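S.K.: Dropping the sequence and predicted coords here.
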Amino acid sequence: MIASERIIVPLDVPNLDQAIALIELLPDVSFWKVGLELFTSVGPRILDVLKSRQKRVFLDLKFHDIPNTVGSACRIAGTYGVDLLTIHATCGKDCLRGAMDALFQGAATGGTAPPKLIAITLLTSISARDLAFDLKIPLELPEFALQMALLAENAGLDGVVCSPQEVAQLRESCRPDFLLVCPGVRPVWANKNDQKRALSPVQALQYGADYLVIGRPITAATNPLSAWEKICEELGSIQNLSSTT
Ligand SMILES: O=c1ccn([C@@H]2O[C@H](COP(=O)(O)O)[C@@H](O)[C@H]2O)c(=O)[nH]1
């Protein structure tokens, strides 16, 4: 896989017109992420728009609820034919296992392949300080992220979403084909915005990420196309990239 195919760009826009404008502005982006804002606004229609253009789709709905509710939602999401779907690892093992089963049931009903289910370990907007003082989690941040990844792995999930600052540790500790998807990726020339555990795209891939989610450095740039090209060029300099995909 060429480096640019490892970049997932979020369609973090409020409506279908703006989503289509962005897709057309960046024709070489092959993998798009649909998150809470656009899906709440447009619903599954956006998934058809992307699939009709042969794009891969990451449906980032970050499910977090009791097992019955998450399972019911996954049964529907399984029919969509998307490539990736998210759930919070803190839903717990029963919920994670149930979500996998429900996705397979949904996919069978929809006559499609089930998405890969990946768990959020710890949002990349949370700092070590936030974890300790606000969330009162009595573990060091890297240890917490690792435990959430191991929980997801033991529950049979396909991978996790993690910050690039923890990706090397997870690559070492999890099974070789466990997918590691990193948001919180920032070129050195970009604003970090609300991302608190960021590293550069080159660092994230070198430390073992399979995919990078890069939004505002591209989509909020004065010229999104040249920001995309600049990042692809930076990634092109990396030699010998290995990947689970
Ligand atoms: O821990 C997480 C999980 C998901 N995200 C999502 O990724 C993108 C990042 O966008 P940027 O503009 O590059 O900050 C966004 O859609 C988040 O919902 C995340 O950032 N961290």
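M.R.: Structure's in. What do you need?
S.K.: what's the helix or strand for residue 18?
M.R.: Taking DSSP states H and E as the criterion, residue 18 maps to helix 16-25.
S.K.: List the buried residues for that helix?
M.R.: Going by neighbour count (16 or more other CB atoms under 10 Å), the buried part of helix 16-25 is 16, 19-20, 22-23. Where you see a C-beta, it was placed from the backbone N, CA and C, and this is true even at glycine.
S.K.: Report the contact partners of the closest residue to residue 15 other than its chain neighbours.
M.R.: Leaving aside its sequence neighbours, residue 15 sits nearest to residue 41 (CB to CB, 6 or more residues apart in numbering; 5.6 Å). Applying CB atoms under 8 Å, 6 or more residues apart in numbering to residue 41 gives the contacts 14-16.
S.K.: Could you dump those into a markdown table and include pLDDT and distance to the ligand?
M.R.: Output for those, formatted as a markdown table (pLDDT from 0 to 100; distance: CB to the nearest ligand atom, whole Å):
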| residue | pLDDT | distance to the ligand |
| --- | --- | --- |
| 14 | 98 | 13 |
| 15 | 98 | 16 |
| 16 | 98 | 17 |
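S.K.: What pLDDT does the model give the residue lying closest to residue 158 once chain neighbours are set aside?
M.R.: Leaving aside its sequence neighbours, residue 158 sits nearest to residue 116 (CB to CB, 6+ apart; 3.8 Å). We have a pLDDT of 98 for residue 116.
S.K.: Do I have it right that residue 116 meets residue 84?
M.R.: Yes: with contact defined as CB atoms under 8 Å, residue 116 counts as touching residue 84 (5.3 Å).
S.K.: what about these two, which has more around it?
M.R.: When neighbours are counted by other CB atoms under 10 Å, residue 116 and residue 84 differ, and residue 84 comes out ahead with 22 against 17.
S.K.: Same question for stretch 104-115: list its buried residues.
M.R.: Buried, per 16+ other CB under 10 Å, within stretch 104-115: 104-107, 110, 114-115.
S.K.: In CSV, list those along with distance to residue 154 and secondary structure.
M.R.: What follows is the buried residues of stretch 104-115, written out as CSV (distance: CB to CB, whole Å; DSSP: H, G, I helix; E, B strand; the rest coil):
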residue, distance to residue 154, secondary structure
104, 18, helix
105, 21, helix
106, 23, helix
107, 22, helix
110, 27, helix
114, 19, coil
115, 20, coil
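S.K.: Identify the residue nearest the residue of the chain found nearest the ligand in space, chain neighbours excluded?
M.R.: Closest to the ligand within the chain is residue 215: 2.6 Å, counting by CB to the nearest ligand atom. Of all residues beyond its chain neighbours, the one nearest residue 215 is residue 10 (4.2 Å), with distances taken as CB to CB, 6+ apart.
S.K.: go on, residue 122?
M.R.: Per CB to CB, 6+ apart, closest to residue 122 is residue 145, 5.2 Å.
S.K.: quick one: secondary structure of the one you found?
M.R.: Per DSSP: H, G, I helix; E, B strand; the rest coil, the secondary structure class of residue 145 is helix.
S.K.: Model confidence for it, exactly?
M.R.: If you check residue 145, the pLDDT there is 98.
S.K.: my read: it touches residue 164, true?
M.R.: No: contact criterion CB under 8 Å: residue 145 and residue 164 do not qualify, at 11.4 Å.
S.K.: Get me the contact residues on the chain for the ligand.
M.R.: 10, 12, 33, 35, 120, 123-124, 161, 183-184, 193, 195, 213-216 (CB under 6 Å from any ligand atom).
S.K.: quick one: residue 57 from residue 82, how far?
M.R.: Remark: distance between residue 57 and residue 82 (CB to CB, to the nearest Å) = 4 Å.
S.K.: returning to what we had before: please produce a markdown table containing the buried residues of helix 16-25, extended by distance to residue 234.
M.R.: Output for the buried residues of helix 16-25, formatted as a markdown table (distance: CB to CB, whole Å):
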| residue | distance to residue 234 |
| --- | --- |
| 16 | 31 |
| 19 | 26 |
| 20 | 28 |
| 22 | 21 |
| 23 | 23 |
